[in-house]
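**Q** Could you look at this predicted model? Sequence included:
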Amino acid sequence: MAKADKKITVLCFLSFFLSFISASFAADFHSPRTAGLGGAGHAGPILNDAIYLNPSYTSFLPTYSVSYSFLKFSSSDESFLTNPFPNGRYYNVSLLDGRSQLFQAGVGYTVREDGSFIHFGASKSVVKRFGFGFGGKMFFNGSESTDSLRELTFSSTGIVSDAVQIALIVDNLLQSESSIEANLYRQIIFGSKINIMDIVIAYIDPHYTPDLPDESTWGYEVGLEFTMLKDIFFRLGYFKNSVVPFISERGRGVSTGIGWFGPKLSLDYAFTRVLERSSGLPNASSHTLGFTLYF
């Protein structure tokens with residue numbers, strides 16, 4: 001194993017270990033590409049998106065990649081009496097190693113208004129068209145709270161054909177009492193990707209949260225990705241009863257985005273509008289910009 005591979009592997013193992021002894025947070029991170037698809041894309045995440053959406057997919061990404069994202073959000077309610085974070089921003093940086101022969105893994109670090117957290121994902125392809133993976137998360141609360149939460153993610157991916165891919169993800173696998181008190185419920189996500197003649201890619205990701213009280217247990221994210229030119233993509237998304245990371249609650253909304261995929265660099269932008277929130281707070285919107293270097 002090369003020296004660079006060893007360093008990345010050690011870093012990933014350290015992050016995985018820490019996820020069991022420190023706090024965790026169940027809200028997913030959305031890159032500009034994911035945000036532009038309304039949170040969809042679990043069956044076919046690109047590059048570092050696999051760390052957050054579907055750890056098992058890193059086995060199908062034989063590359064090294066480094067990514068950075070910046071998000072700015074705002075709410076219609078500017079009052080801190082009813083909305084503790086009416087506006088703000090967060091930053092994310094991540095590293096993915098899909099070339100290691102032992103296993104493929106990635107780690108990401110995010111800073112938000114309410115704290116910072118680390119995501120970790122690792123996978124191994126059992127056969128050529130099937131892989132499975134695990135993820136861990138730890139959260140550093142920005143407040144004075146000392147509550148500790150621990151959660152895990154399990155995922156699997158199957159490549160049915162060149163046009164169809166499917167995935168199964170179980171988030172908040174442990175669902176401890178502390179997790180339930182923090183509204184972090186176990187969620188089962190069924191992801192699908194359908195490639196229509198390399199012109200349009202459709203993502204349909206329904207999810208089921210069996211123990212969610214006083215709300216619909218079913219929700220979904222759907223997204224369309226259009227190939228405008230060989231390396232330019234236009235995206236549309238819609239989500240319902242889905243976790244929106246920048247407001248840390250469930251909601252319904254729409255999104256759009258655009259991306260450029262170059263030889264060793266990708267640039268992406270997305271706009272998200274939350275039309276309805278589970279808390280009943282006013283609508284919110286976000287702008288997300290990011291880039292990824294891969295080689």
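**A** Arrived safely.
**Q** Please make it C-alpha for all contacts and neighbour counts, starting now.
**A** Noted.
**Q** Residue 294 reaches residue 66, doesn't it?
**A** Yes. With contact defined as C-alpha atoms under 8 Å, residue 294 reaches residue 66; the gap is 6.4 Å.
**Q** Please name the strands paired to the helix or strand containing residue 110 in the sheet, noting orientation.
**A** Per DSSP states H and E: residue 110 is located in strand 104-112. In the sheet, strand 104-112 lines up against strand 87-97 (antiparallel), strand 115-127 (antiparallel) (DSSP bridges).
**Q** Extract the C-alpha set from that strand and format it as CSV.
**A** Provided in CSV are the C-alpha atoms of strand 104-112 (Å, rounded to 0.1, in the frame of the first residue of the first chain):
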residue,chain,number,x,y,z
GLN,A,104,-12.7,2.4,0.1
ALA,A,105,-13.5,5.3,2.5
GLY,A,106,-13.9,9.0,3.0
VAL,A,107,-14.2,11.6,5.8
GLY,A,108,-15.9,15.0,5.9
TYR,A,109,-15.9,17.9,8.3
THR,A,110,-18.7,20.5,8.5
VAL,A,111,-19.0,23.7,10.5
ARG,A,112,-22.5,25.1,11.0
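**Q** Okay, now the unreliable bits of the stretch 51-200 of the chain?
**A** 77-85, 141-149, 178-179, 181-184 (pLDDT under 70).
**Q** how about the strands of it, start to end?
**A** With strands called from DSSP state E, counting those that start in this stretch, the stretch 51-200 of the chain shows them at 64-75, 87-97, 104-112, 115-127, 130-141, 151-159, 164-171, 187-196, 200-208.
**Q** Which one of the ones you listed lies nearest to residue 264?
**A** Residue 264 lies closest to strand 64-75 among those, at 9.2 Å (C-alpha to C-alpha).
**Q** Restrict that closest one to CA atoms and write it as CSV.
**A** The C-alpha coordinates for strand 64-75 follow below in CSV (Å, rounded to 0.1, in the frame of the first residue of the first chain):
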residue,chain,number,x,y,z
TYR,A,64,-8.9,10.4,-4.9
SER,A,65,-10.9,13.5,-4.5
VAL,A,66,-11.0,16.6,-2.2
SER,A,67,-14.1,18.8,-2.0
TYR,A,68,-15.1,22.1,-0.5
SER,A,69,-18.6,23.6,-0.1
PHE,A,70,-20.0,26.8,1.2
LEU,A,71,-23.7,27.4,2.0
LYS,A,72,-25.6,30.6,3.0
PHE,A,73,-29.2,30.4,4.1
SER,A,74,-31.9,32.8,5.3
SER,A,75,-35.4,32.6,6.7
